[in-house]
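> give me coordinates for this.
(one chain, ligands or ions: 2)
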Amino acid sequence: MLYSNVFPKTIKGGKKYNSINAQYLINGGFIDQVMTGVYTFLPLGWRVLNKIEDITRQEMDKIGEEMLMPGLSTKKFWEDTGRLETINVLFKASGANKASRAMNEAEYILNCTQEDVITPLAKRFFTSYKDFPFALYHIQVKYRNEPRAKSGILRGREFRMKDLYSFHKSEENLMDFYENKAKPAYIKTFKRLGLGDSTVIALASGGDFTKNYSHEFQTICDAGEDTLYHDTEMDIYYNKEVVKDSKSGRYEIVKAAEVGNIFPLNTKFSDAIDYKYTDEKGDRHPVYMGSYGIGTTRVMGVLVEKHHDKNGIIWPAQVAPYLIHLIGLDLQDEKIKERVERLYHQLTDAGIEVLYDDREEARAGEKFATADLIGNPIRLVISKRTEDKVEWKKRNEKESEIISIDEAIKRISNF
Ligand code: ATP
Ligand code: MG
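Ligands and ions are numbered 1, 2, ... in the order given. This is a model prediction of the structure:
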């Protein structure tokens, strides 16, 4: 990709934001704030989010089937589960429209999660013991009227989530899936996303969903809004909300951002709408459910909070917008320009993702600052000084070195 074509460019010396992810993602041209808690994912940001969601998808495909449910539903679903008036962040959309009498007021709900929509769907199709167990998921936008939408994309009023739902004939089967399929898939996903070292599993309440408990995947991070109590003797993490004796000296207190949450719902939603399955003898039994979320846009924000320095973002390679940030300097010199373009084509022809800063008017300092802010893992520079070689520098290292083009290509293919 030619940087001269990228929409938009980095912002220099713009507005100050109160969080690092907002500051770097907005200045880097990854996202744009439409209003509080609502963002456009610009081309660079969309590339990153797609990579995060692709990794998530690959791991979820091992435990469930992907589909896509709508963002909009009717009140009826939420009335049936009893949640229409109990979820405080639920967005209710009025269909009132002077231009059309056909639509009623407050008839619609902007889904904040999907238990209420998927349970009736499952009930319509899978009711025989032969159909169980099964799991479905989608990756989709969610709406929550968050009272405190701050911290950039860590807390949006519109955000993206992967949500998976599992359906079982018994509590044992649900818990087997929960512990031996969902949990390991989550651990693997966060590891692949570059958050493995800093993400812990914390015991938490079931929130809106269940009376008992849930497990949160919490990334230890100063920008996080959650407080965890780490029982250092047992090495167990608890969300603050479930700790009864918080004064005990055995706890170490840490800040964390909740990147995922899994819930054994048991029969809460199936009971609400009488979703039962029929066994071999024709007897009906309650369906056991689990629900499993990952906030993919929040993950993107957390990655920035965890991987940056004073100059910008340092993306883990697997989620970086591009692997290579290629800078051409002294491009007025036709010979140099030709060298950079040759390398650019050589790399892109080999299927390597390259962002080539081909701007002739931008000065060297500006190009380096842009590369640091955007945070691609490898920076290559070709200039008068490099002659027929190339300057190699990793975003997370200080030193650069001049190496041959062949050596650079060898290193890239082994990266
Ligand atoms: P929080 O406690 O942070 O408000 P939650 O517990 O209400 O989140 P869940 O219903 O468990 O959220 O949603 C599953 C996942 O979706 C969360 O673990 C988080 O990663 C993500 N998520 C939830 N709310 C938001 C939000 N407002 N903006 C971005 N991501 C969110
Ligand atoms: Mg949660």
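
> the stretch 151-300 of the chain against ligand 1: which residues are in contact?
155-156, 159, 161, 207, 258-261, 293, 295, 297-298 (Cβ under 6 Å from any ligand atom). (C-beta placed from N, C-alpha, C; glycine too.)

> now for those, which pair is the farthest apart?
With Cβ to Cβ as the measure, no two of these lie farther apart than 207 and 297, at 19.5 Å.

> tell me which of the two has more neighbours.
A direct count of neighbours by other Cβ atoms under 10 Å for residue 207 and residue 297 places residue 297 higher, at 25 against 13.

> just the pLDDT at that one, thanks.
As predicted, residue 297 sits at a pLDDT of 98.

> ramachandran coordinates for it?
phi -70, psi -40 (degrees, to the nearest 10).

> what sits against it?
39, 41, 49, 153, 156, 159, 160, 161 (Cβ atoms under 8 Å, 6 or more residues apart in numbering).

> hang on, the earlier thing: ok, the residues of the stretch 151-300 of the chain next to ligand 1 vs residue 140, which is closest?
Closest approach between those and residue 140, by Cβ to Cβ: residue 161, at 7.0 Å.

> is it true that that closest one touches residue 292?
No - counting by Cβ atoms under 8 Å, residue 161 does not reach residue 292; the two are 10.3 Å apart.

> the two: which is more packed in?
Shown here are residue 161 and residue 292; by other Cβ under 10 Å, residue 292 has more neighbours (27 against 22).

> related to what we said a few turns ago, reformat the contacts of residue 297 as CSV; add pLDDT.
What follows is those, written out as CSV (pLDDT from 0 to 100):
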residue, pLDDT
39, 98
41, 98
49, 99
153, 98
156, 97
159, 98
160, 98
161, 98
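
> which one of these has the most neighbours?
residue 153 (30 neighbours).

> touching, that one and residue 21? I think so.
Yes - using Cβ under 8 Å, residue 153 makes contact with residue 21 at a distance of 6.1 Å.

> what is in contact with these two at once?
In contact with both residue 153 and residue 21: 300, 301, using Cβ under 8 Å, 6+ apart.

> just the strands in the stretch 301-415 of the chain please.
Remark: strands assigned in the stretch 301-415 of the chain by DSSP state E, counting those that start in this stretch are 308-309, 312-313, 324-328, 354-357, 378-382, 390-394, 400-403.

> could you dump the ones you listed to CSV with distance to ligand 1 and mean neighbour count?
Converted to CSV, the strands of the stretch 301-415 of the chain look like this (distance: least, Cβ to the nearest ligand atom, whole Å; neighbours: other Cβ atoms under 10 Å):
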stretch, distance to ligand 1, mean neighbour count
strand 308-309, 19, 15
strand 312-313, 19, 23
strand 324-328, 28, 25
strand 354-357, 27, 24
strand 378-382, 30, 24
strand 390-394, 30, 19
strand 400-403, 37, 14
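
> so which of these gets nearest residue 165?
It's strand 312-313; of the strands of the stretch 301-415 of the chain, that one is closest to residue 165 (Cβ to Cβ) at 33.4 Å.

> if we can go back for a sec, which one of the contacts of residue 297 is nearest to residue 32?
Using Cβ to Cβ, the contacts of residue 297 come closest to residue 32 at residue 39, 6.5 Å.

> residues in contact with the closest one?
Here residue 39 is in contact with 31, 32, 33, 153, 156, 158, 297 (Cβ under 8 Å, 6+ apart).

> quick one: strands adjacent to the one helix or strand it maps to?
In this structure, residue 39 sits in strand 38-41 according to DSSP states H and E. Strand 38-41 has the following sheet partners, assigned by DSSP bridges: strand 31-35 (antiparallel).

> number of nearby residues for residue 387?
Residue 387 - counted by other Cβ under 10 Å - has 11 other residues nearby.

> what's the distance between it and residue 339?
According to Cβ to Cβ, to the nearest Å, residue 387 and residue 339 sit 9 Å apart.

> please apply the same query to residue 188.
Taken as Cβ to Cβ, the span from residue 188 to residue 339 is 42 Å.

> the more surrounded of the two?
residue 339 (20 against 15).

> residues contacting the residue nearest to the more buried one when sequence neighbours are not counted?
Nearest residue to residue 339 in three dimensions, chain neighbours excluded: residue 382, at 5.5 Å (Cβ to Cβ, 6 or more residues apart in numbering). By Cβ under 8 Å, 6+ apart, the contact list for residue 382 reads 326, 327, 328, 329, 336, 339, 340, 343, 390, 391.
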